[in-house]
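pasting the structure only:
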Ligand SMILES: [Zn+2]
């Protein structure tokens, strides 16, 4: 990768991918450097003297003889796929603007549907854990959103069946343009839920703009300053200029999920939301996307299939 920062990103082509990560050895070397930038050390005893058992591709500690592979203890653990297939999958999912379904991934990388589904969800899990660990700061627009229901004309959707509520938040720069966004499924729009969410996802001293929904005042529990702009709710609230960005983003994410996946299992909505936020938040860093993603993936614990299929927790 070039060390010079390119001001206007030209993206990262498939040719670049093949050039950098086209062989197993290139992928292994890259993962090793991202996992152990200071050189290998034993995860059991911390010793940095080891030998590499070539036939089994294992690192063995000199002191305690603990054996580890390049991917053990990471989201890639126990994969049977070549690393080049993983890199191609990561490339497709992170570089696509609107997302890649498991079905499309299956066709592109030549694996079974189940394998593609599992790879897709592991990649999304990494994205989710990454963005969950970063909180928003500065000026933030906040809104309540729902998956699986429209709020046009009717009530705000609160309490409706079959709708999954999620908090949408977006931080803005001084020009009022979006910097980062975060969307998390919540149990409902109640003071306790918003308080719990805010403590996890907002930095203290942030300024939070929301409409008049009373539960949003709970952001003060996270030491944020709250400004409530009463819009009267309903469809007309989307026309208020204060909420232009947040409403645009909620619309974009819903359209992208519907357009790419047609139907999703609502229990995995947290991961789909995270996927879109992750890509949006890094849309100017396409060239660095693979190293940055893999760095986090190597620090994301394994996720066996049965865990992957369970409903995710609330953000
Ligand atoms: Zn050891």
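Perfect, thanks for sending it. What you see is a predicted model, and the numbers here were worked out from it, not measured in a lab. Numbering: from 1, shown residues only.

can I assume residue 108 is in contact with residue 88?
Yes. With contact defined as CB atoms under 8 Å, residue 108 and residue 88 form a contacting pair (7.4 Å). C-betas here are computed from N, CA, C, even on glycine.

who's more crowded, these two?
Counted by other CB atoms under 10 Å, residue 108 and residue 88 do not tie: residue 88 has more neighbours, with 21 against 14.

Against which helices or strands is the helix or strand harbouring that one packed?
Residue 88 belongs to helix 83-95 when assigned by DSSP states H and E. Judged by 3 or more CB pairs under 8 Å, 6 or more residues apart in numbering; DSSP states H and E, helix 83-95 is in contact with helix 14-21, helix 24-35, helix 102-109, helix 113-132, helix 289-297.

In JSON lines: these, plus mean pLDDT and distance to the ion.
Output for the helices and strands packed on helix 83-95, formatted as JSON lines (pLDDT from 0 to 100; distance: least, CB to the ion, whole Å):
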{"stretch": "helix 14-21", "mean pLDDT": "94", "distance to the ion": "30"}
{"stretch": "helix 24-35", "mean pLDDT": "97", "distance to the ion": "16"}
{"stretch": "helix 102-109", "mean pLDDT": "95", "distance to the ion": "36"}
{"stretch": "helix 113-132", "mean pLDDT": "94", "distance to the ion": "27"}
{"stretch": "helix 289-297", "mean pLDDT": "95", "distance to the ion": "23"}
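
Return the most buried member of the ones you listed.
The highest mean neighbour count among those, using mean count of other CB atoms under 10 Å, belongs to helix 113-132: a mean of 21.

which regions of the stretch 151-300 of the chain sit below the pLDDT cut-off?
Within the stretch 151-300 of the chain, the ranges that satisfy pLDDT under 70 run 151-161, 231-242.

And the contacts of stretch 247-262?
Applying CB atoms under 8 Å, 6 or more residues apart in numbering, the contact partners of stretch 247-262 are 98-101, 143, 145, 147, 168, 170, 178, 181, 183, 237-238, 264, 272-273, 276-277, 280.

Just give the number of residues close to the closest residue to residue 57 other than its chain neighbours.
Using CB to CB, 6 or more residues apart in numbering and skipping residues adjacent in sequence, the residue nearest residue 57 is residue 69, 6.1 Å away. Per other CB under 10 Å, the neighbour tally for residue 69 reads 15.

before we move on, back to that, average pLDDT for the helix holding residue 88?
Helix 83-95 carries an average pLDDT of 95.

Next step: the contacts of stretch 247-262 restricted to strands.
Residues of the contacts of stretch 247-262 located in strands (DSSP state E): 143, 145, 147, 168, 170, 178, 181, 183.

In CSV: the helices and strands packed on helix 83-95, plus distance to residue 73.
Formatted as CSV, the helices and strands packed on helix 83-95 follow (distance: least, CB to CB, whole Å):
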stretch, distance to residue 73
helix 14-21, 21
helix 24-35, 9
helix 102-109, 24
helix 113-132, 14
helix 289-297, 12
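
What is the end-to-end distance of stretch 37-55?
Separation of the first and last residues of stretch 37-55 by CA to CA, to the nearest Å is 24 Å.

how far does that stretch sit from the chain's center?
A distance of 30 Å separates the C-alpha centroid of stretch 37-55 from that of its chain, computed with CA atoms, centre = their mean, to the nearest Å.

same deal with stretch 194-213?
With CA atoms, centre = their mean, you get 20 Å for stretch 194-213.

What of stretch 12-23?
Worked out by CA atoms, centre = their mean, stretch 12-23 lies 23 Å from the chain centre.

who's in contact with that stretch?
Applying CB under 8 Å, 6+ apart, the contact partners of stretch 12-23 are 1, 26-27, 30, 83-84, 87-88, 91, 95, 286-287, 289-290.

now the residues you listed in JSON lines, with distance to residue 37?
What follows is the contacts of stretch 12-23, written out as JSON lines (distance: CB to CB, whole Å):
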{"residue": "1", "distance to residue 37": "15"}
{"residue": "26", "distance to residue 37": "17"}
{"residue": "27", "distance to residue 37": "16"}
{"residue": "30", "distance to residue 37": "11"}
{"residue": "83", "distance to residue 37": "18"}
{"residue": "84", "distance to residue 37": "22"}
{"residue": "87", "distance to residue 37": "19"}
{"residue": "88", "distance to residue 37": "24"}
{"residue": "91", "distance to residue 37": "22"}
{"residue": "95", "distance to residue 37": "24"}
{"residue": "286", "distance to residue 37": "22"}
{"residue": "287", "distance to residue 37": "19"}
{"residue": "289", "distance to residue 37": "18"}
{"residue": "290", "distance to residue 37": "16"}
